[in-house]
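A.B. asks: Sequence first, then the predicted structure, then my questions.
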Amino acid sequence: MRRLLWLVGVLYVLYLIIGNVFLNSPMASSTINRKPETFHAQWAWAWTLWPGQIHAHDLQLHGHARQLLWSAQGESAGGRIMLWPLLRRELRFGQVRTSAVKLDIQPTSVDHKPPPWQSDAWHVTVDRVSTLSLRQVRMGDLVADGDGKAELGFTHQLRGGATAIFPSRVWMPRASVHYRQQELLHDARLDVHFAFDPFTHELPPGWKKLERAKIHVVAEGATPAIALGADKAGTRAAAQSSLKGHLSADFSLDHGTLVPDGRLQWNAPVAITDADGKQEQRRGQLDLAVQPAAVVMHARIPPPPGIDSNAATNQLEAHLQFASRRVLPWRSTSEALRLLSGNVDGRWHFASLDWLAPLTMSKPWLRLDGSGDIAGALHIEGGHLQSDTHVEVPQVALVANILDNVFAGSAQAKARVVAAPGGGRLLADLMVDRFTLAPRDAPGQAYLRGRALQVNLRSSDDLARLRQLFTARLHFDDAQIPDLRTYNRYLPGKSLYFLQGTGSMSTDFTLDGNGDVSAGRMQMNSTAARLALGVSRLRGSLSLDTRLDRAKKRAGHAFDLQAFTLGLDGVRVEGSSAPPWWAKVTLQHGRLDWDRPMRLRGDATIVMKDVGLLLSLFADRSAFPKWITNVINDGQATAHARIEAQRGDFILDHLVASNKRVDLFAHLRIRDGQPNGDLYARWGVLGLGVALADGKRDFHLLHAQRWYEAQPDLIPAEATSPH
């Protein structure tokens, strides 16, 4: 027996020597940290008194699990590794006690994937790790500081296996909570109980893991005063108040569903700065209660004492009810909105109204820019706005992006809900007293100035379908065009462009929720326009009127033109003594691609005073035989042609013009300002062909008709016969 005791004593001494030397040698660190990219541990020194028991000082642990980086550190940690579970491939810790603990969990974009899962992969189990001196818990940008207590237990299978968290608790009786640099709570009592059923990284994904959780949170503490409103410069004012607010919360989440009788109550001083920079103190209140069939919220910021609530700004009262306690799995936005009912009444000044349009439009083509006031009342029943809903914005900067152009001006806005067959309709009307229109890439170069721009918005009263069903009408009359040359960005380069002139424009557009024009009408007039058509310089009056319908089978800003007419009157060719000329162009089957430059194509009918201007594009009258010059002024002429304008080209193809005495056929292209083409003129038995290229004319007197018929088309299509 004595020998046995002596042997045990020798073995124990050897264990003490070997075990403690190993724990404090580089061999222990290299053994444990075989995969430092997954797990890394370091300590200042450690000791053990018997097998399986370890006590470490200044312990630091770091790990990377999928898209989470975690670290834990403490002044000391001691616990016991159970030996028998090692035989079944389980590293199991019994009771582990720690001190002065700090825990940090941070998301990362780097996904550290484990090796492929195997059913016999090792398990790591911690029955219970506890501390009586929890110093800090950091999760992303949310930080809780203060002395507290915590206990946690979990089990995890390596190689991407399942994880379960045993009933655990974090308790901090005097904590402060920060989000980034903003203090949320101080002198707070936090008590959090939680447990998770088994889950993996993939199932449930992300935050849906809360569907496997039971969580009970009790929080109570002081909150700082908050600042709302803005000064004239649009900057937020700091709250200056010695008063403190108070938060009290007690709620539970059971596998994604809030437990009845949960509550949250908050009240705090609110420092409100109005548009004039004046600051005043009021007290805000928020109450949230979990009822058996709904979650009810009441929020209130009252008007200043002694001031009529109908006139005071920066006041709010809201009573909302969400007809479900289920939080997870996440609902679609439309499903969630249909569970919402209640009232919101208030008047508020906002430093920026940028947030308003994206709430109602799938693509924010319309912005309410800068600061402004909102006054009104929302009444909601089952996700539908009720007929007593109304909102008013007395003044706000409007910016609308339409067809790569920007409408801008100061607007007044009013919205209301009206009854209609099949459901209520939301009507919002914006009126802009003075506005400008400028290219989106050059907003300072306005090429249209007008008054009384109206934007009428229409949608459903169903909040879930509000964005999808939005349509708009944009309308103005007789806006002034300061300089017609600004529209040259849409014309075909040097072939057709404005040289000088002013004018006016009227527009009526219908737009969808993306801000794309679906239909509309444009009218443009100028009494003194000067323009270049090839080498010719023209002066006169012009008027344009067309209706647009968005093309269904063409991408981009593509339109079909309906009832397109262009009128020219009092037109004179500079350097010519010919009398004034007039024409009316009507386009059939017109197609417009609204890009820069535009592309226009269609079949044109041209009624004109005579064919003299068309001939002048080929040559001066003196270059033609006398019989041509004698008949070109002989009465009104009607022409049919295919027309195309794009980039540097202006094309009149398959042109057939005639009056009482002459027939004229032509293929004409003006490219980069230079006319080229082929012409055939016929008067009785007389005929003349002209080929124009690079400024040179080649006349064909013999077999002119045969020569013309042999010339190629400029726009691919069936050729027009001169017969």
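C.D. replies: In hand now; what should we look at? Numbering: from 1, shown residues only.
A.B. asks: element containing Gly346, please.
C.D. replies: According to DSSP states H and E, Gly346 maps onto strand 340-350.
A.B. asks: and the next helix or strand after that strand, what does it pack onto?
C.D. replies: Toward the C-terminal end, the helix or strand that comes next after strand 340-350 (DSSP H and E) is helix 356-360. Using 3 or more CB pairs under 8 Å, 6 or more residues apart in numbering; DSSP states H and E as the contact test, the elements touching helix 356-360 are strand 366-369. All C-beta atoms are positioned from the backbone trio N, CA, C, and that covers glycine.
A.B. asks: Report the buried residues of the strand holding Gly346.
C.D. replies: Leu340, Ser341, Gly342, Asn343, Val344, Gly346, Arg347, Trp348, His349, Phe350 (16 or more other CB atoms under 10 Å).
A.B. asks: Then stretch 92-99?
C.D. replies: Buried, per 16+ other CB under 10 Å, within stretch 92-99: Arg92, Phe93, Val96, Arg97, Thr98, Ser99.
A.B. asks: That stretch - what's its average pLDDT?
C.D. replies: The average pLDDT within stretch 92-99 is 93.
A.B. asks: same question, stretch 280-292
C.D. replies: In this model, stretch 280-292 has an average pLDDT of 92.
A.B. asks: Now find how far off-centre it is within its chain.
C.D. replies: Put simply, stretch 280-292 sits 31 Å off its chain's centre (CA atoms, centre = their mean, to the nearest Å).
A.B. asks: Give me the contact list for it.
C.D. replies: By CB atoms under 8 Å, 6 or more residues apart in numbering, the list of residues contacting stretch 280-292 from outside reads 226, 241, 243, 251, 258-272, 274, 295-302, 304, 325.
A.B. asks: Ser252 reaches Ala195, doesn't it?
C.D. replies: No. When contacts are counted by CB atoms under 8 Å, Ser252 is not listed as touching Ala195 (11.8 Å).
A.B. asks: what touches both of these two?
C.D. replies: Common contacts of Ser252 and Ala195 (CB under 8 Å, 6+ apart): Lys214.
A.B. asks: Mind listing the residues bridging to Arg697?
C.D. replies: Beta bridges link Arg697 to Leu692, judged by DSSP bridges.
A.B. asks: typo on my end, Ala150
C.D. replies: Thr131, Val170.
A.B. asks: Selection in ChimeraX covering whichever of the contacts of stretch 280-292 are buried, please.
C.D. replies: Buried residues within those, by 16+ other CB under 10 Å, are selected in ChimeraX with:
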select :241,251,258,262,264,265,266,267,268,269,270,271,272,274,295,297,298,299,300,301,302,325
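A.B. asks: just the strands in the stretch 551-700 of the chain please.
C.D. replies: Along the stretch 551-700 of the chain, counting by DSSP state E, counting those that start in this stretch, strands occupy 558-573, 581-593, 599-608, 637-646, 649-658, 663-671, 674-683, 686-693, 696-700.
A.B. asks: can you redo the buried residues of stretch 92-99 as JSON lines with secondary structure?
C.D. replies: What follows is those, written out as JSON lines (DSSP: H, G, I helix; E, B strand; the rest coil):
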{"residue": "Arg92", "secondary structure": "strand"}
{"residue": "Phe93", "secondary structure": "strand"}
{"residue": "Val96", "secondary structure": "strand"}
{"residue": "Arg97", "secondary structure": "strand"}
{"residue": "Thr98", "secondary structure": "strand"}
{"residue": "Ser99", "secondary structure": "strand"}
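A.B. asks: and the closest residue to Leu427 other than its chain neighbours, what element?
C.D. replies: Here the nearest residue to Leu427 in space, its sequence neighbours aside, is Arg416; by CB to CB, 6 or more residues apart in numbering that works out to 5.6 Å. Assigned by DSSP H and E, Arg416 falls within strand 405-418.
A.B. asks: which of the residues in that strand are buried?
C.D. replies: Under 16+ other CB under 10 Å, the buried positions of strand 405-418 are Asn405, Val406, Phe407, Ala408, Gly409, Ala411, Ala413, Ala415, Arg416, Val417.
A.B. asks: wait, which of those is closest to Leu385?
C.D. replies: Using CB to CB, Val417 comes nearest to Leu385 of these, at 4.8 Å.
A.B. asks: in terms of contact, does the closest one touch Val391 like I think?
C.D. replies: No. Using CB under 8 Å, Val417 is not in contact with Val391; the gap is 9.7 Å.
A.B. asks: Between the buried residues of strand 405-418, which sits nearest Ile17?
C.D. replies: Using CB to CB, the buried residues of strand 405-418 come closest to Ile17 at Val406, 82.1 Å.
A.B. asks: isn't the closest one right up against Ala397?
C.D. replies: No. Applying CB under 8 Å as the test, Val406 and Ala397 come out as separate, 11.9 Å apart.
A.B. asks: For my notes, confirm Asn20 occurs in a strand.
C.D. replies: No. Asn20 is assigned helix when assessed by three-state DSSP, not a strand.
A.B. asks: Would you mind measuring from it to Trp50?
C.D. replies: Here Asn20 is placed at a distance of 12 Å from Trp50 (CB to CB, to the nearest Å).
A.B. asks: between these two, who's got more neighbours?
C.D. replies: Between Asn20 and Trp50, counted using other CB atoms under 10 Å, Asn20 has the larger neighbour count: 15 against 10.
A.B. asks: so what's the more buried one up against?
C.D. replies: For Asn20, counting by CB under 8 Å, 6+ apart, the contacting residues are Ala46, Trp47, Thr48.
A.B. asks: Please work out the average pLDDT along stretch 178-198.
C.D. replies: The model assigns stretch 178-198 a mean pLDDT of 93.
A.B. asks: Now do it: distance to the chain's middle.
C.D. replies: Distance, centroid of stretch 178-198 to centroid of chain: 32 Å (CA atoms, centre = their mean).
A.B. asks: Flag every buried residue along it.
C.D. replies: Here stretch 178-198 shows His178, Leu184, Leu185, His186, Ala188, Arg189, Leu190, Asp191, Val192, Phe194, Ala195, Phe196 as buried, counting by 16+ other CB under 10 Å.
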